[in-house]
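**Q** Here is a sequence with its predicted model. Questions after.
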Amino acid sequence: MTAPHNRVESALLRRINERRLLEVIQQQGPSSRASLTRSSGLTAPTVSKVVEALLQRGLVEEVEPLGQTLGRPGRLVQMAAMSAVILGVVIDASTCCVVAAGLDGRVEEARTRRFVTPLTYKELLNSIELHCRALLQDADRTVHAIGVSVPGLVNERLKEIVFSPNLHLLDKRNPAVDLEQRIGAKCLLLQETSGLCLSERLYGDAKGLRDFAMLDVSTGLGLAVMCGGQLLSGHGGMAGEVGHITADPTGIRCGCGNRGCLETLATDSALLRRMSERFGQPLALEEAASQLAAHPEKFQPDVECVSEYLAIAMAAVINIFNPTTLFVHGTLLVAAEDRFALVLERVRQRTLTASLADCTIVPTRLSKRQGAIAGIMHHLTNTWAPPFR
Ligand SMILES: [Zn+2]
């Protein structure tokens, strides 16, 4: 008879193997069992057993290999793209979106629905539910899980957004819990910058990196740091609020209640506010981008001022966390090559030389909706078992 502790050990080992194989399939795409055996370091019989278990859990699916080959090649195993669906919900200050994807994490415009952020929490939940149900009807499949990406401070112990400086209707709320009650599928709450960080590691340029940082400078100024392969969370999951460091004690009022926080000075929102004042009327982000392209000299003082503060924020992250790569997510100063070059020039002036020499700075190409999807995949693998090594 097997001793109880041996049964526990073998159950844990099985889960670790399942996680290992999932990671390999995620990284290399459709794979034969032979290739999975080579890449995973597991034995062929273990790979067969683990693939069967993953097939049964609906996490992977089998597909025919492309092209004509002699003989009968084995079917390939891939993340369940056709047979499973997950939803990503992105709640943001001005626009929200809901996206449907397979477990391969591929995010497409055709499966994305956007809407203006409603004024009340109830209307927000109604809109999210409506769009989720519409996407699920189109997909005609059972949903695996829903990832809900939110701005603000997510307290993991209290299981709620304790404070959202740029979207106060989320204060003391947990839209994931409320959505789970409405839709009946597992919903996960995810801080938006943490989502971006996870998506860069799963789908972007941070694959295999253990120490990197993600700075989001779009609406607020958010930071997530991957430290030794783990997301830095702090005591309650609220670490990384670099945006609320005071940079100008007499500056304008921030959404948090203080004055002159870095996020009122170093973000797309900060540049948008300055440009709107100069322009004489409120500008939307897309209008501001075209204005900057058409009349760069007119807004040069605004670009220079915001670039200076953005450089201070980036230098602080590099000096404090010593990341191998700093990813930056933003539009007006980050996605435009010439303006980002100006920012980088200032980062060089503001950062300790040795820390900067250790770090590559890269604008991220991934979106918050990809982040919401990555959050689910992280949950599916991470809560299942500890890493293989
Ligand atoms: Zn603040």
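**A** Okay, I see it.

**Q** Counting by contacts, list what the lengthiest helix in the chain packs against.
**A** In the chain, with assignment by DSSP state H, the single longest helix is helix 4-28. The contact analysis (3 or more C-beta pairs under 8 Å, 6 or more residues apart in numbering; DSSP states H and E) places helix 4-28 against helix 33-40, helix 44-56, strand 76-79, helix 368-382. (Glycine included, C-beta is placed from N, CA and C.)

**Q** Name the stretch among those that sits most buried.
**A** Ranked by mean neighbour count, the helices and strands packed on helix 4-28 are led by helix 368-382 with a mean of 25 (mean count of other C-beta atoms under 10 Å).

**Q** Okay, helices next: where are they in the chain?
**A** Counting by DSSP H, the helices of the chain are 4-28, 33-40, 44-56, 121-139, 175-183, 192-203, 268-279, 285-294, 300-321, 337-350, 353-357, 368-382.

**Q** Of all those helices, which one is nearest the ion?
**A** With C-beta to the ion as the criterion, the ion lies closest to helix 268-279 of the helices of the chain, at 11.9 Å.

**Q** picking up where we left off before, could you dump the helices and strands packed on helix 4-28 into a markdown table with mean pLDDT and distance to the ion added?
**A** Listed next are those as a markdown table, based on pLDDT from 0 to 100; distance: least, C-beta to the ion, whole Å:
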| stretch | mean pLDDT | distance to the ion |
| --- | --- | --- |
| helix 33-40 | 93 | 46 |
| helix 44-56 | 93 | 44 |
| strand 76-79 | 94 | 39 |
| helix 368-382 | 90 | 20 |
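
**Q** need the ones you listed in JSON lines with distance to Ile183, can you?
**A** Shown next, in JSON lines, are these (distance: least, C-beta to C-beta, whole Å):
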{"stretch": "helix 33-40", "distance to Ile183": "34"}
{"stretch": "helix 44-56", "distance to Ile183": "24"}
{"stretch": "strand 76-79", "distance to Ile183": "23"}
{"stretch": "helix 368-382", "distance to Ile183": "14"}
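
**Q** which parts of the stretch 251-389 of the chain sit against the ion?
**A** Contact residues, the stretch 251-389 of the chain versus the ion (C-beta under 5 Å from the ion): 254, 256, 258, 261.

**Q** burial count for Gln300?
**A** 11 (other C-beta atoms under 10 Å).

**Q** same check, this time on the one 5 residues further on
**A** Applying other C-beta under 10 Å, we find 15 residues neighbouring Cys305.

**Q** which ones are touching it?
**A** When contacts are counted by C-beta atoms under 8 Å, 6 or more residues apart in numbering, Cys305 is found next to 265, 274.

**Q** Low-confidence stretches in the protein?
**A** Filtered on pLDDT under 70, the chain yields the residue ranges 1-5, 8-9, 67-73, 384-389.

**Q** Break it into its domains for me.
**A** Following automatic domain parsing, the chain resolves into domains at 4-79, 85-197+369-382, 208-365.

**Q** Let me see the contact set for whichever residue of the stretch 101-250 of the chain sits closest to the ion.
**A** Nearest residue of the stretch 101-250 of the chain to the ion, counting by C-beta to the ion: His244, 3.8 Å away. His244 sits next to 165, 254, 256, 258, 261-263 when contact means C-beta under 8 Å, 6+ apart.

**Q** how about the residues you listed in JSON lines, adding neighbour count?
**A** Listed next are these as JSON lines, based on neighbours: other C-beta atoms under 10 Å:
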{"residue": "Pro165", "neighbour count": "24"}
{"residue": "Cys254", "neighbour count": "20"}
{"residue": "Cys256", "neighbour count": "19"}
{"residue": "Asn258", "neighbour count": "15"}
{"residue": "Cys261", "neighbour count": "26"}
{"residue": "Leu262", "neighbour count": "26"}
{"residue": "Glu263", "neighbour count": "27"}
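
**Q** Pick out the most distant pair among the residues you listed.
**A** Pairwise distances across these (C-beta to C-beta) peak at 12.1 Å, for the pair Pro165 and Leu262.

**Q** Counting neighbours, what do you get for the nearest residue to Gly260 once chain neighbours are set aside?
**A** Distances taken as C-beta to C-beta, 6 or more residues apart in numbering put Gly251 closest to Gly260, at 2.5 Å, once the chain neighbours are dropped. Look at Gly251: counted by other C-beta under 10 Å, it has 15 neighbours.

**Q** Angles on the backbone of Gly251, please.
**A** Backbone torsions for Gly251, taken as degrees, to the nearest 10, come to phi -70, psi -170.

**Q** who touches it in this structure?
**A** Per C-beta under 8 Å, 6+ apart, neighbours of Gly251: 259-261, 264-265.

**Q** Can you tell me how far it is from Gly152?
**A** Separation of Gly251 from Gly152 (C-beta to C-beta, to the nearest Å): 21 Å.

**Q** Repeat that for Ser32.
**A** For Ser32 relative to Gly152 (C-beta to C-beta), the value is 45 Å.

**Q** Would you confirm that Ser199 contacts His378?
**A** No: using C-beta atoms under 8 Å, Ser199 is not in contact with His378; the gap is 9.1 Å.

**Q** of the contacts of His244, closest to Ala293?
**A** Closest to Ala293, out of all of the contacts of His244 and judged by C-beta to C-beta, is Glu263, at 24.8 Å.

**Q** who touches that closest one in this structure?
**A** Applying C-beta under 8 Å, 6+ apart, the residues near Glu263 are 165, 220-221, 243-244, 254, 269-270.

**Q** Now those in JSON lines, please, with extra columns for distance to Leu209.
**A** Formatted as JSON lines, the contacts of Glu263 follow (distance: C-beta to C-beta, whole Å):
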{"residue": "Pro165", "distance to Leu209": "29"}
{"residue": "Gly220", "distance to Leu209": "24"}
{"residue": "Leu221", "distance to Leu209": "22"}
{"residue": "Gly243", "distance to Leu209": "23"}
{"residue": "His244", "distance to Leu209": "27"}
{"residue": "Cys254", "distance to Leu209": "32"}
{"residue": "Ser269", "distance to Leu209": "29"}
{"residue": "Ala270", "distance to Leu209": "29"}
